[in-house]
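1. give me the fold of what follows.
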Amino acid sequence: MALTKNDIVTSVHDLGLSKRKSVEVIENLLEIIKRSLESSEDVLISGFGKFCVKDKAQRRGRNPATGEDLMLRGRKVVTFKCSGKLRQKIDGLGYSD
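-> Numbering: from 1, shown residues only. Coordinates of the predicted model:
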């Protein structure tokens with residue numbers, strides 16, 4: 001099961017903020033991240049990871065329904081690389097803050 005935005009809001013609410021303030025904080029945080037990525041800025045969150053915008057070049061593709069060859073346009077994609085600390089936690093190596 002995936003962690004949802006509502007789950008994050010509830011976790012922040014459990015820390016003592018009102019539900020309305022928790023929603024506001026999370027919405028503002030996500031908006032800051034979105035604006036940074038839209039302007040091709042990297043987002044580095046220490047101890048968590050780094051979101052980067054990368055350019056994908058135009059490439060050859062194929063329509064799976066018809067088998068027709070076509071060119072896929074270039075586009076930007078967001079990538080994520082987790083930090084070493086997070087990687088250790090995920091791998092269960094017992095690292096804790």
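2. pairing partners for whichever strand or helix holds V78, with directions?
-> V78 is part of strand 75-82 when elements are defined by DSSP states H and E. When pairing is defined by DSSP bridges, strand 75-82 lines up against strand 49-56 (antiparallel).
3. could you give the angle of the longest helix along the chain to strand 49-56?
-> As assigned by DSSP state H, the longest helix anywhere in the chain is helix 19-38. Per axes from the mean of the first three to the mean of the last three CA atoms, to 10 degrees, the angle that helix 19-38 makes with strand 49-56 is 40 degrees.
4. identify the residues contacting helix 19-38?
-> With CB atoms under 8 Å, 6 or more residues apart in numbering as the test, helix 19-38 has contacts from 5, 8-10, 12-13, 17, 42-43, 51, 53, 78. No exception for glycine: its C-beta is placed from N, CA and C like everyone else's.
5. which of these fall within helices?
-> Using DSSP H, those in helices are 5, 8-10, 12-13.
6. for the helix or strand of the chain with the lowest mean pLDDT, which positions count as buried?
-> Between all helices and strands in the chain, the lowest mean by mean pLDDT, DSSP states H and E belongs to helix 84-91, at a mean of 92. Neighbour-count burial for helix 84-91, counted by 16 or more other CB atoms under 10 Å, picks out K89.
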